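**Student:** give me a 3D structure for the following:
(one chain, ligands or ions: 2)
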Amino acid sequence: MKRTVFFTDSRANKNVTVFDTTLRDGEQTPGISFTLEEKLGIAEQLSGIGVHAIEAGFPASSDAERDIVRAITNLGLSAQVCGLARSLRADVDACIDCGVDMVHVFIPTSDVQREYTIRKTREQVLETTGDIIAYARDHVGRCMFSAMDATRTDWDYLIEVYRVAVDAGATIINVPDTVGVITPTAMKRLIERIDREVNCPIDVHCHNDFGLAVANTIAAVEGGASQVQVTVNGIGERAGNADLAQTVMVLSSIYGIDTGIRTQSLVETSRLVSRYAGMSVPAIQPIVGENAFAHESGIHSHGVITRSDTFEPGIMTPEMVGHRRRLKLGKHAGRHAVKQMLAEVHMEPADEQIDEIVLRVKEIAGRGKRVTDADLYEIAESVMQIAPDEKTLELQDVAIMTGNHAIPTASVRATVDGVEHIFSSVGNGPVDAAVRAILGIIPAPVHLKEFSIEAISGGTDALGHVTIAVEDERGRVFDASASSDDIILASVEAVINAINLVCRTHKLDREE
Ligand SMILES: CC(=O)SCCNC(=O)CCNC(=O)[C@H](O)C(C)(C)COP(=O)(O)OP(=O)(O)OC[C@H]1O[C@@H](n2cnc3c(N)ncnc32)[C@H](O)[C@@H]1OP(=O)(O)O
Ligand SMILES: CC(C)C(=O)C(=O)O
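**Tutor:** Residues are numbered from 1 along each chain as shown. Ligands and ions are numbered 1, 2, ... in the order given. Prediction:
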């Protein structure tokens, strides 16, 4: 596909390195606290996808944090490992004690933060900056200096602070937009000025209070920054930081800048952090969200079936980020999408049958109901007067044990093509145990992609509606749903419905 470059600023660096702070600023998100194992897993993942440096934590904040940062440095990752420190020798010592490759020292420079947090004069900040950077550089080869709240700092004074830091040995200077208030135009101008007047590589750290974190980060690169600070899924203080996937894809796909990131693993990385953080990613999140490459409206679906860049950027494809393109059905569905989705499962309705199927799809969606693949095939079978297939998997019994002192355990008895199987599994909860037990008996390997439960009415007796999406080994995704006043039974039924779709399609694949 022809690559269209919308913008290339000749002043922008052609190589930009990525400094990830998911484990430090990301973990400052209220409610997020990663375990040691989770932090190690995230660090390995980030290093594996080519992140240049990882901010592993703030060692002075607790003994546990120090142990974690030390464990991350002991992994021997290819990414540099960095620890955060206030402008205090004890904080720097804590970082050095962990064996980090780089110490990141920060000091507030805006009048408001300087006066009300560290209670120092401008002169004292200059003096402390010089002393602490020199101290850090006596012990470690790399030292990043952050003028905290740089974007609300008087620019002349800011330049003075950076010069002191660089003269004392800072190897890179960071420009934090600590409370997310700068605009892209101003950010570009600020970075251009720092680049002209301070002789040091520039890194940028943007917060998302006004939703400008990624735009400001990109503007900083336009102005001459050579390193960007990001977090996976944009997690971080308040409204978070610049998002890793968005920043990297804008730089690489739109600007043609090499970040060294293996972008095919961006979705996988997002899912890992989302799971460990216990924070789901909105479906409409750019690049990694469930809907980032999904199409429901008829005109768009028709377009992408014919040629994907009609309604996708083209310069960024789902494959480039480890995602997949999906057609979805709903109120806005059209004939081309329905025809295509049925063709994928070997169903070929006549033109007037497609019209009828589309009508029924719109009618269901018009009632506010999500139309799953299972619904589509059921409608198609009815319109095409095809007798529903024998179900591969038939549930006989499910028994679940759970409690405050019991490990949730489920036993399932089911027939697969008439042959009885029994399987038991433990899980993180009763639903997880039941789903694992079912997955243990099925003939085809499938991977659970999506699981959602919603209460249809209020109250403790609400009807639970469960939607499940599973992916087969060819990457095809099938979704199905079920409702019951027992959410465990609704989950079991939804999984079985989805698996039966997969098995049915596999049988038809073999017959083709
Ligand atoms: C923008 C950012 O993200 S900065 C990083 C923010 N991250 C964190 O705060 C997470 C980890 N923090 C912690 O665990 C704790 O806040 C600690 C251990 C660092 C400090 O805890 P405490 O000693 O209880 O102090 P507390 O957090 O209440 O207040 C912050 C102290 O740090 C001082 N401080 C803040 N920034 C700096 C700095 N750059 N250099 C020196 N001192 C600083 C403040 O002046 C205040 O000191 P004071 O007690 O003399 O008034
Ligand atoms: C420590 C600094 C870089 C920071 O997190 C901020 O200013 O937001």
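
**Student:** where does the stretch 401-512 of the chain have low pLDDT?
**Tutor:** Low-confidence segments of the stretch 401-512 of the chain (pLDDT under 70): 443, 456-458.

**Student:** residue in it nearest to ligand 2?
**Tutor:** N428 (32.9 Å; Cβ to the nearest ligand atom). Quick note: C-beta positions are derived from backbone N, CA and C, even for glycine.

**Student:** I figured that residue was touching P408, is that so?
**Tutor:** Yes. Contact criterion Cβ atoms under 8 Å: N428 and P408 qualify, at 7.1 Å.

**Student:** now do the contacts for the residue of the chain most remote from its centre.
**Tutor:** Distance from the C-alpha centroid of the chain, by Cα atoms, centre = their mean, peaks at Q385 (43.0 Å). Neighbouring residues of Q385 by Cβ atoms under 8 Å, 6 or more residues apart in numbering: there are none.

**Student:** and S146, by the same measure?
**Tutor:** Counted by Cβ under 8 Å, 6+ apart, S146 has contacts H104, V105, F106, I107, I173, N174, V175, P176, H205.

**Student:** returning to that earlier point: quickly find the element holding the residue of the stretch 401-512 of the chain closest to ligand 2.
**Tutor:** Counting by DSSP states H and E, no helix or strand carries N428.

**Student:** ligand 2 contacts on the stretch 401-512 of the chain?
**Tutor:** Neighbours of ligand 2 within the stretch 401-512 of the chain, by Cβ under 6 Å from any ligand atom: none found.

**Student:** need the helices for the stretch 401-512 of the chain, in chain order.
**Tutor:** Taking DSSP state H, counting those that start in this stretch as the test, the helices found in the stretch 401-512 of the chain are 430-439, 487-511.

**Student:** hmm, back to that, more neighbours: which of N428 and P408?
**Tutor:** P408 (20 against 10; other Cβ atoms under 10 Å).

**Student:** distance of V51 from ligand 2?
**Tutor:** 17 Å (Cβ to the nearest ligand atom, to the nearest Å).

**Student:** contact partners for that residue?
**Tutor:** Contact analysis of V51 by Cβ under 8 Å, 6+ apart lists V18, F19, D20, A79, I261.

**Student:** please redo it, this time with the cut-off set to 6 Å
**Tutor:** V51 makes contacts with V18, D20, A79, as judged by Cβ atoms under 6 Å, 6 or more residues apart in numbering.

**Student:** looks like I159 contacts D195 (just checking).
**Tutor:** No. Judged on Cβ atoms under 6 Å, I159 makes no contact with D195 at a distance of 10.9 Å.

**Student:** identify the contacts common to those two.
**Tutor:** With Cβ under 6 Å, 6+ apart, I159 and D195 have no common neighbours.

**Student:** the contacts of S146 also near ligand 2: which ones?
**Tutor:** Among these, proximity to ligand 2 is found for F106, N174, P176, H205 (Cβ under 6 Å from any ligand atom).

**Student:** got a quick PyMOL command for the buried subset of the contacts of S146?
**Tutor:** Selecting the buried subset of these in PyMOL, with 16 or more other Cβ atoms under 10 Å as the burial test, is done by:
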select buried, resi 104+105+106+107+173+174+175+176+205
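
**Student:** among the contacts of S146, name the ones in helices.
**Tutor:** Nothing among the contacts of S146 maps onto helices, per DSSP state H.

**Student:** kindly indicate which of the contacts of S146 lies nearest T129.
**Tutor:** I107 (5.8 Å; Cβ to Cβ).

**Student:** contacting residues for that closest one?
**Tutor:** Residues in contact with I107 (Cβ under 6 Å, 6+ apart) are S87, V125, T129.

**Student:** do you know how far it is from A165?
**Tutor:** I107 sits 9 Å away from A165, going by Cβ to Cβ, to the nearest Å.

**Student:** what residues are shared contacts of the two?
**Tutor:** Common neighbours of I107 and A165 (Cβ under 6 Å, 6+ apart) are T129.

**Student:** name the residues of the stretch 1-150 of the chain found near ligand 2, please.
**Tutor:** Contact residues (Cβ under 6 Å from any ligand atom) of the stretch 1-150 of the chain with ligand 2: D25, F106, S146, M148.

**Student:** ok, and of these, which contact ligand 1?
**Tutor:** D25, F106, M148.

**Student:** can you tell me which of those residues are in strands?
**Tutor:** Among these, DSSP state E puts F106, M148 in strands.

**Student:** can you list the residues that contact the helix or strand encompassing E37?
**Tutor:** With elements taken from DSSP H and E, the one containing E37 is helix 36-48. Residues outside helix 36-48 that contact it (Cβ under 6 Å, 6+ apart) are D20, L23, I54, I68, I72, L77, S78, A79, T269, L272, Y276.

**Student:** tell me which residues of that helix come out buried.
**Tutor:** Quick answer for helix 36-48 (16+ other Cβ under 10 Å): E38, K39, L40, G41, I42, A43, E44, Q45, L46, S47.

**Student:** repeat for stretch 394-405
**Tutor:** Buried-residue list, stretch 394-405, by 16+ other Cβ under 10 Å: L395, V398, I400.

**Student:** so which residues on this protein come close to ligand 1?
**Tutor:** 25, 28, 58, 60-61, 86-88, 106-107, 117-118, 148, 178, 237.

**Student:** highest neighbour count among these?
**Tutor:** Busiest of the residues of the chain next to ligand 1 [other Cβ under 10 Å] is I107, holding 26 neighbours.

**Student:** before we move on, the earlier item: with pLDDT as added columns, please give the buried residues of stretch 394-405 in a markdown table.
**Tutor:** Below are the buried residues of stretch 394-405 laid out as a markdown table (pLDDT from 0 to 100):
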| residue | pLDDT |
| --- | --- |
| L395 | 93 |
| V398 | 93 |
| I400 | 93 |
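
**Student:** quick one on the thing from earlier: nearest to A294, of the contacts of I107?
**Tutor:** Nearest member of the contacts of I107 to A294, counting by Cβ to Cβ, is S87, at 47.5 Å.
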